[in-house]
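Engineer: let me see the structure of the following:
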Amino acid sequence: MGDMPGYTVGLVQMTMGTDGDENLRRAMEKVEQAAALGAQVICLPELYRSQYFCQKEDAALFDLAEPLNGPSVTTFQALAARLGVAVIVPFFERRAPGVYHNSAAVIDADGSLAGLYRKMHIPDDPAYYEKFYFAPGDLGFRAFNTRFGRIGVLICWDQWYPEAARLTALAGATTIFYPTAIGWHPQEKAQYGAAQQDSWLTVQRGHAVANGCYIAAANRVGFEQPVPEQAGIEFWGNSFITDPQGQWLARSGDAAEDILTARVDLNDLETIRRNWPFLRDRRIDAYGDITLRWRDES
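Structural biologist: As a prediction, this is how the structure comes out:
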């Protein structure tokens with residue numbers, strides 16, 4: 001077997017301030033830094049342009065949203081073309097009056113739009129009131145061709161669902177990127193924090209193993225308290241890249257900004273799938289009930 005190509009992924013772990021233009025400027029700076037480190041496909045955290053505004057329900061915050069051709073995306077189209085890298089740009093998408101999505105644009109290395117993903121699973125938890133802001137995605141689970149390789153994108157709450165990872169891998173993604181905004185409620189951290197974070201790391205490593213693909217999760221970091229009467233969220237960082245056996249290739253800490261890079265080796269991916277042929281042995285004739293809400297006995 002001849003050599004197959006690979007590519008280098010880069011993740012930006014960053015804090016977000018209250019100035020959207022400053023967040024944009026700093027994100028651009030960090031993408032440049034990742035490119036200088038050799039990254040070819042670079043991912044920003046979920047909703048990088050603002051602090052995590054879903055901690056409250058406020059219709060005025062819909063003003064943060066932008067169309068696909070707004071500055072959150074077009075600025076990075078120009079930067080991607082200048083640097084010759086692909087960039088995954090999460091943004092608050094204004095699709096139409098009253099119709100908004102939590103989305104990610106995949107920009108190829110020539111600045112063209114390789115594709116768009118809209119977050120499919122929308123949470124509604126304390127201080128994560130996303131159902132108020134985001135309509136569920138309607139583009140399905142997809143993979144996108146970039147100059148360097150075929151990748152998939154899922155967003156934050158999507159990362160708990162094996163179905164999402166499976167369908168993205170079946171579309172040909174060799175790496176699944178997870179732009180993320182996850183953290184601790186301060187009052188829960190002492191009792192539940194370690195278990196919550198371990199669950200988050202474990203389930204995504206499981207997706208890597210079950211699908212024979214690379215996983216790259218880019219989380220924000222830092223404490224954000226946009227609602228003074230609420231406790232805020234301590235975003236736990238821990239951005240990471242794993243190989244198809246779930247082994248750490250790169251991992252950040254929980255307190256500081258960081259830029260991670262790691263190499264995707266498509267020879268290794270091929271070898272692992274040959275020896276752990278989970279995709280070959282799937283019983284696709286027996287999975288019809290997966291589309292049921294619950295298997296009621298009748």
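
Engineer: wait, Phe148 touches Ala109, no?
Structural biologist: Yes. Counting by CB atoms under 8 Å, Phe148 touches Ala109, with 7.2 Å between them. All C-beta atoms are positioned from the backbone trio N, CA, C, and that covers glycine.

Engineer: list residues touching both of those two?
Structural biologist: Here Phe148 and Ala109 have 40, 86 as joint contacts, going by CB atoms under 8 Å, 6 or more residues apart in numbering.

Engineer: which one of these two is surrounded by more residues?
Structural biologist: Using other CB atoms under 10 Å as the criterion, Phe148 and Ala109 rank with Phe148 on top: 22 against 18.

Engineer: read off the pLDDT value for the more buried one.
Structural biologist: We have a pLDDT of 98 for Phe148.

Engineer: distance-wise, check it relative to Thr174.
Structural biologist: Separation of Phe148 from Thr174 (CB to CB, to the nearest Å): 10 Å.

Engineer: neighbours of Tyr100, how many?
Structural biologist: Tyr100 has 18 nearby residues by other CB under 10 Å.

Engineer: what do you get for Ala35?
Structural biologist: Around Ala35 there are 22 other residues, counting by other CB under 10 Å.

Engineer: for it, give me its contacts.
Structural biologist: Contacts of Ala35 (CB under 8 Å, 6+ apart): 10, 42, 83-85.

Engineer: try it again with 10 Å
Structural biologist: Residues near Ala35 by CB atoms under 10 Å, 6 or more residues apart in numbering: 8, 10, 42, 79-80, 82-85, 87, 259, 261.

Engineer: mind checking which of those are buried?
Structural biologist: Neighbour counting by 16 or more other CB atoms under 10 Å classes 8, 10, 42, 79-80, 83, 85, 87, 259, 261 among the contacts of Ala35 as buried.

Engineer: elements contacting the lengthiest helix in the chain?
Structural biologist: If you go by DSSP state H, the chain has its longest helix at helix 186-211. On a contact count with 3 or more CB pairs under 10 Å, 6 or more residues apart in numbering; DSSP states H and E, helix 186-211 meets helix 162-170, strand 175-180, strand 183-184, strand 214-219, strand 233-236, strand 240-242, strand 248-251, helix 266-275.
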